[in-house]
Structure formats: C-alpha cells, structure tokens
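Novice: My questions concern the predicted model and sequence given below.
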Amino acid sequence: MSVTPGVLNPPPRADRRPRFKVGAGDLPLLMAYVYVVVMTGVCLIVSPDLIDGPGAMSANFSLVVPLALVCFGQTLVMLTRGIDLSVGGVISVGSALMATHLNAKGWAVMPEVLAILVLGTLIGVLNGVIIAKTAIQPFIVTLAMWSIWDGVAFGVLPVEGGKVSQTLTNATNGNIVGIPKSIWIVVVLLVVWRWLRQTRLLGDLVAIGSDENRARLLGVRIDRRKIEAYAACGFLAALASIWVTAQTQSGSPIGGDQFILASVAAVVIGGTNIFGGKGSAASSMMGAIAFLLIPILVFALNLTSFWGTFFQGLILIVAVTFNSLIQTRSQR
Amino acid sequence: MREAVTDTLRKHRSVVLAFALAIVLFVIGTVQASGFASWDHVRTILITSSFIGLVGVGQTLCMLTGGIDLSIPSNLAGAAVLTAFLANGSSASLLWIIPLVIVIGALIGLINGLGVAYAGVPPIIMTLGMNSAVQGLLLIYTHGGLAAAAPTNLVNFVNGNTLGLSTMVLLWIVVAILATVVLSFSTFGRKLYAVGTNPAAARLAGVDVRRVLVVPYIVSGAGAAATGVLLLGYLGQAFITMGDTYLFSSAVAVAVGGASILGGKGHYVGTVAGAIILTLITANLNLISLGTSAIDVAYGVILLGTVYLASMRMRSGQSPRLVAMLGDARTSIAKRWR
C-alpha cells in the first residue's frame, strides 16, 4: 500500500480548482486500515489458517478483486456526490450473458468479453447522461436502472446455472511470478488510482462533488465529467462480472445484487465523503478487504455464517454514522 | 359550482390522470381476457394492490421529505417470519404478538430516522445497511430462512369479508382516509410538506426539522411490519424473500403518485392510484405471458418516466413540492438543515 490515504499531494497544475486537503475530516479515510489490521489480527490469533494457510491468500483475494473493481467505480461516482445502485444490474446482466453465450475457447472469447465490457460502459453512459441532463437524483435513476437490468438478466437466464468457457476460468486462476493474479489486479488498481488522482478528471470530479456551482463557474465541463464517472463505474462493474462468472463457472441473474450493499459499504468504510468532494479509491479497496474479512472473522469465531450478513449491514450503518458526524462537524 | 369542480379537477389533474390510466389498463386487460373484469378478479387486484398501498404509506412520507426506505423488504419479511414462529400455529397469542412485531418494526424505523435526521446519514445508505442487518438477524433467528405457516385465524381474517367488502380492501380504505387526513388537514402534514419543500425555510418558520424527519421512517417501519403480518395471512406462510418485490413496487407506486403531488394537493391518493396501476400492469404482462423479467423492466421504466415528467413540470414552475425528491446539487442532504 504505497498510497497513504488522506495525505494526497495536490498535483502542480490546475491550482484554481479545489484540491485534496488534509484535515480533521480525514479521520474516516484511516478507519479502513484500522478495521483491516484489527480483524486480521483477531483472525491470526483465533484461526491463522484462514489468513495464511496454503492457498488462503489466493482464495481470499479472488473474492476481493470483483469488489475492489466495483468499489473503485463507486468511489468515482460518490466523489461527485452521486451513487450507482445499477452496478448490481450490470453484474447480473454480464453474468447471465456469459453463462448463456460464452462457449468459445482460447482467444475466441475476446470478442464476447469485449462486448460485455462495452455493454457495461454503455449502461454507465446512459446513467450518466440521464443524471447529467435531467434533474433526477442519481439514486432514483440508478435504482430504476437496477430494476431494468435485473429484469433483462432474468430474461436472459431465468435460473442460476449455464456454462462458462474454461479459458476464462483458467485466465483468472494461477500465479504470476509466484504471486496470485488476484493480488496483481489489486496492485494494478492501486497504481491506476495513483495515476488517476493526478489527472484533471479526478480534480474535476472532486470539484463537482465539493461545490457544483463553483465548479461550473470555474469552467469544469460538469455533464461530461459526470458521464465519464458513471461510464467508468459501468465498465468496472462489467469487468467484475467477468471475474465473478469466470471464478464461479456459472451465471446468476441475481448475482449482482450483493455488490450494491458491498460496494457502498466498502466506499463508506474507506471513508470517502458521502457528500462528495473527498475520497480515495485506495481506501475504498481497503474498505472492501475489511468488508470481506467479516465473514472470515465470523467463521473463525465459530458463529453461523448468517452473522456475517448482520455484521456487514451493521458495519455500514456504524461507519456511515461515524463518518457523517465527523464530516458534517468538520464542514461547519 | 361548475367552476369549483373544474378548478378541483385541474388542481388534482395528475391524480385524475393516474386513475384514468388505471381505468385504461383495466380496459386493456378486459379486452384481452374475458375473466379480467369478473368480480373475483377485481377483488384479487384490489387486495394485491392493498399490500403495495400499505407499505406505500411510509414510503410516501419518506419520499415527501426527499428520502427513501430501502429496509422495507427485510422489515416486512422479518415481521411475518417472527409472527409465524412466535405464534407457532396457535391463534390465541396473536393478540400480543402482532403489537410486539409492529413495535419492533417501528423501532427499526426509529433507528433509520435517527441516523437520517440527527446524524445526517443519507437515507439510501442508512436503510440499505439496515436492510442487510435485519436480514442477517432474520437468517440467524430462522437458521437459514425456513418457511413457517400462518395461524389459521390470521388467514381467515385477511381473506375474509367485512361489511360485504374484502377486509384487506376495507382496511386499505381506512388507512388511505387516515393518511389523507394527516397529510392534508393536520399540523404534522403541513410541517412535513414544509420540510420536504425547503428545510431551511421550514426551520426559520419554527419547525423542528429533525423531529419531523424521524417520523416517516417510524411510520414506514411500523407499516412494513404490519403489512408483513397481513401478507403472512394472505400467502399462508412466511419466508425470507417475501418482502423483496416491495422494494421497487413501493418506490414506483409513490413515484407514480409523486407526479400527482405536483398537480396541487394530491398525495397518498396518488400512491393509491400508483399501487393499482402497478398491479394492473403486472396482471396485463402476465396475460401476454411475460413474467418477472418484463415486470422488473417495466418498474424501472415507469419509475424513470414518471419522475422525469414530474421534473419537467417542476421546471416549468407548476409546483415546488417535489423539490425534495428531485436533484438539486445545492440542497444536499447534509447542508439542507445544518
């Protein structure tokens, strides 16, 4: 984790735009790291095999990858004071399409994989266009899209199942230089974030989230930037659906729904300001790891797995309340 | 006199339009299938609508203040499952179980409301987390969501008739009248609209904005729990996913009714029309053998469409009522009343 959350150096150019600043309100950005360290510590004491047993790291991180992808996109959207509930629909559609249409082997899978990525991006663009060009709140737009694409997924694949090309499954498994591919993907995402936060796009997203009117006066192309944020979110959700479907080797028309709560929770645990304007995808990914450590911890403590569902909801409520109190206080 | 009538019609144009749409959908169904207009089928449609309408009371109040309650599904299923398990087939204990279950629902709503009003948490995130937390408790309680049968008394009550009408429909009418009176003629109703329209102005006018904001979530929690108990009686058994469809249907019914809010003084009456419209659309889609898939798509399209139309009319300056529901970057939830 080379990125220190909260201590985000302002890039040299475009000084006229609001920049990341470090202040009391940054405490939430550090909480994810605290959660992860504490939970990993408890796991290591109670049942170390779950964390560092043979193959455990690879198995755990293959669950982290899709959530890291989705919460990366969710962070971009939430920076603009938006929310994307349609990620669930996108993942379900992607999963359903892959389970019914993807039988090719070798490089022949590429066109269909690309088609799913394009579809996800287009859904994101559609979200962005509606949100940017009309006065409808993001949560209403994406709630409607969630319903629509869940419906489409059900139409494509009415029950769980189907068959997924073995090529894809093989492509997601295995190691590169002795390190599981899943960990590499998280590392790549961190590098992408490090690059992204020096770009104009991210400065603009932060500006929009901090104060849309001021951003407009400063010449930020608000509509375009919002569309780009939602398009990125749709693209990353489609990528996540490919990973999940390849790993589970079957499709599910409702498989995406769990990612709505999970991605929002990961972003909130990561301390991204829910009122826009401040956040870090790196912290969100830490939040994702914390969120996924909950079921592991529940297992380690010998509780029924259903406690995981309860604690995953509870951590979202606790984290969001904590962040809201701190953030609204520091805004005052 | 004639002027007064046309004036009222104009003011409530959207409510009138919504009911007109319901009638059109009914006619379409009747043309397609001969049994559609039979008394039995109409009764079924109204009973099905009544469940959407009953959870819609709380959702209407939440959405009037710019919020939403996504914890309805697990709250509803939780109440049903708890009732079925506690009663264990016996009907005598329902007298204390039902109030208990509704109080629990109200308490869950209270936590939602406190988070939204006092901690400033966005309603969507608060209630999303609550949905998962309650669902987790429910899974723990039932050891994985086994179905449980309803007590016979409850089944007979829900499926029975009172004063020649279906008990459910009668209950819905009573609730609708109550909701209308509260929204239109009570101080609380006026405060709710004031907070929904402009929280800052409401605060300056002496309204305790936070206290007003808590109430919709309590109503929604209690309403979802009560609906869960009734749905348990109607379906005959309780299972964990029984509330899932009410997440979208309640929000969409309110959105269809929300369009009517713009017309003038309509409100829960619009949700009533919305609930009936949704049920008729579902029935029509079933007639042409399009199942769950098409219904989900239809819900999404209707939600987007009605809210879009409402936003267009708001822009043209007809009414500021839906300001709370429609986006305006300047009035974020955090800054609105802080």
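Specialist: Cool, got the structure.

Novice: what stretches of chain A score poorly on pLDDT?
Specialist: Filtered on pLDDT under 70, chain A yields the residue ranges A:1-26, A:330-332.

Novice: Mind listing what's buried along the helix or strand hosting A:Val192?
Specialist: Per DSSP states H and E: A:Val192 is located in helix A:181-196. Under the neighbour-count criterion of 16 or more other Cβ atoms under 10 Å in any protein chain shown, helix A:181-196 has A:181-183, A:185-186, A:189-190, A:193, A:196 buried. To be clear about C-beta, it is placed using only N, CA and C from the backbone, and glycine gets the same treatment.

Novice: List the contacts of that helix.
Specialist: Residues outside helix A:181-196 that contact it (Cβ atoms under 8 Å, 6 or more residues apart in numbering or on different chains): A:1-3, A:57-58, A:61-62, A:64-65, A:68-69, A:72, A:172-176, A:202, A:280-282, A:285.

Novice: again with stretch A:45-57
Specialist: A:40, A:43-44, A:60, A:180, A:183, A:296, A:299-301.

Novice: Which single residue of the stretch 101-250 of chain A ends up nearest chain B?
Specialist: In the stretch 101-250 of chain A, no residue comes nearer to chain B than A:Gly151, which is 2.9 Å away by Cβ to the nearest Cβ.

Novice: do you know how far that residue is from B:Arg203?
Specialist: Distance of A:Gly151 to B:Arg203, given as Cβ to Cβ, to the nearest Å: 41 Å.

Novice: So for these two, which residue has more residues nearby?
Specialist: Between A:Gly151 and B:Arg203, counted using other Cβ atoms under 10 Å in any protein chain shown, the more crowded position is A:Gly151 (27 against 18).

Novice: Help me confirm that that one is found in a helix?
Specialist: Yes - the assignment for A:Gly151 (DSSP: H, G, I helix; E, B strand; the rest coil) places it in a helix.

Novice: so the residue nearest to it when sequence neighbours are not counted, which of the three states?
Specialist: The shortest distance from A:Gly151 to any non-neighbouring residue, by Cβ to Cβ, 6 or more residues apart in numbering or on different chains, is to B:Asp296 (2.9 Å). Following three-state DSSP, we place B:Asp296 in the helix state.

Novice: And B:Asp296, what's its pLDDT?
Specialist: B:Asp296 is assigned 83 on the pLDDT scale.

Novice: count of residues packed around residue 156?
Specialist: Picking chain A for this. A:Val156: 20 surrounding residues under other Cβ under 10 Å.

Novice: The chain in question should be chain B.
Specialist: 12.

Novice: and the gap between it and A:Leu67?
Specialist: Where A:Leu67 is concerned, B:Asn156 sits at a distance of 47 Å (Cβ to Cβ).

Novice: what's the answer for A:Leu126, then?
Specialist: According to Cβ to Cβ, A:Leu126 stands 23 Å off from A:Leu67.

Novice: ok, now A:Ile274?
Specialist: Remark: distance between A:Ile274 and A:Leu67 (Cβ to Cβ) = 18 Å.

Novice: How about B:Val272?
Specialist: According to Cβ to Cβ, B:Val272 stands 41 Å off from A:Leu67.

Novice: ok, these two, which is more surrounded?
Specialist: Higher neighbour count among B:Val272 and A:Leu67: B:Val272, with 31 against 26, using other Cβ under 10 Å.

Novice: need the contact list for the more buried one.
Specialist: Counting by Cβ under 8 Å, 6+ apart, B:Val272 touches B:49, B:53, B:56, B:172, B:176, B:257.

Novice: Pull the most distant pair out of those residues.
Specialist: B:Trp172 and B:Gly257 (14.2 Å; Cβ to Cβ).

Novice: Which residue of the two possesses the greater neighbour count?
Specialist: B:Gly257 (29 against 25).

Novice: Can you report how many residues lie near residue 214?
Specialist: The chain I'm using is chain A. With other Cβ under 10 Å as criterion, A:Arg214 counts 13.

Novice: that's the wrong chain, I wanted chain B
Specialist: Number of residues near B:Val214 (other Cβ under 10 Å) recorded here: 20.

Novice: Quick check: closest non-adjacent residue to it.
Specialist: Nearest in space to B:Val214, with sequence neighbours left out and distances taken as Cβ to Cβ, 6+ apart, is B:Gly113 at 3.5 Å.

Novice: now the one you found, what's its secondary structure?
Specialist: Assignment for B:Gly113 (three-state DSSP): helix.

Novice: now A:Tyr35
Specialist: helix.

Novice: Look up how far A:Phe139 lies from it.
Specialist: Counting by Cβ to Cβ, the gap from A:Tyr35 to A:Phe139 is 26 Å.

Novice: repeat for B:Gly305
Specialist: Distance, B:Gly305 to A:Phe139, using Cβ to Cβ: 17 Å.

Novice: What are the boundaries of the strands in chain B?
Specialist: Using DSSP state E, the strands found in chain B span residues B:148-149, B:161-162, B:165-166, B:237-238.

Novice: Also chain A?
Specialist: Ranges of strands in chain A, per DSSP E, are A:175-176, A:179-180.

Novice: so can I have TSV of the ones you listed showing distance to B:Trp39?
Specialist: Formatted as TSV, these follow (distance: least, Cβ to Cβ, whole Å):
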stretch	distance to B:Trp39
strand A:175-176	69
strand A:179-180	65
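
Novice: Name the stretch among these that sits most buried.
Specialist: strand A:179-180 (a mean of 17; mean count of other Cβ atoms under 10 Å in any protein chain shown).

Novice: tell me the centre residue of chain A?
Specialist: For chain A, the residue nearest the mean C-alpha position is A:Cys71 (1.3 Å; Cα atoms, centre = their mean).

Novice: Report the spatially closest residue to that residue, excluding sequence-adjacent ones.
Specialist: A:Cys71's closest residue in space is A:Ala266 (Cβ to Cβ, 6+ apart), at 3.9 Å.

Novice: Tell me how many other residues crowd the one you found.
Specialist: Number of residues near A:Ala266 (other Cβ under 10 Å) recorded here: 32.

Novice: Check what pLDDT the nearest residue to B:Gly109 once chain neighbours are set aside gets.
Specialist: Nearest-residue entry for B:Gly109: B:Gly221, 2.2 Å, with adjacent residues in sequence omitted and distances by Cβ to Cβ, 6+ apart. Looking at B:Gly221, its pLDDT stands at 94.

Novice: How about the contacts made by the residue nearest to B:Val214?
Specialist: Applying Cβ under 8 Å, 6+ apart, we find B:Gly113 in contact with B:213-218.

Novice: contacting residues around the residue in the stretch 151-300 of chain B that chain A sits nearest to?
Specialist: Closest to chain A within the stretch 151-300 of chain B is B:Asp296: 2.9 Å, counting by Cβ to the nearest Cβ. Shown in contact with B:Asp296 (Cβ under 8 Å, 6+ apart): A:147-148, A:150-151, A:154, B:248.

Novice: can I get those residues in CSV with distance to A:Leu217?
Specialist: Putting the contacts of B:Asp296 into CSV (distance: Cβ to Cβ, whole Å) gives the following:
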residue, distance to A:Leu217
A:Ser147, 36
A:Ile148, 35
A:Asp150, 39
A:Gly151, 41
A:Phe154, 45
B:Phe248, 38
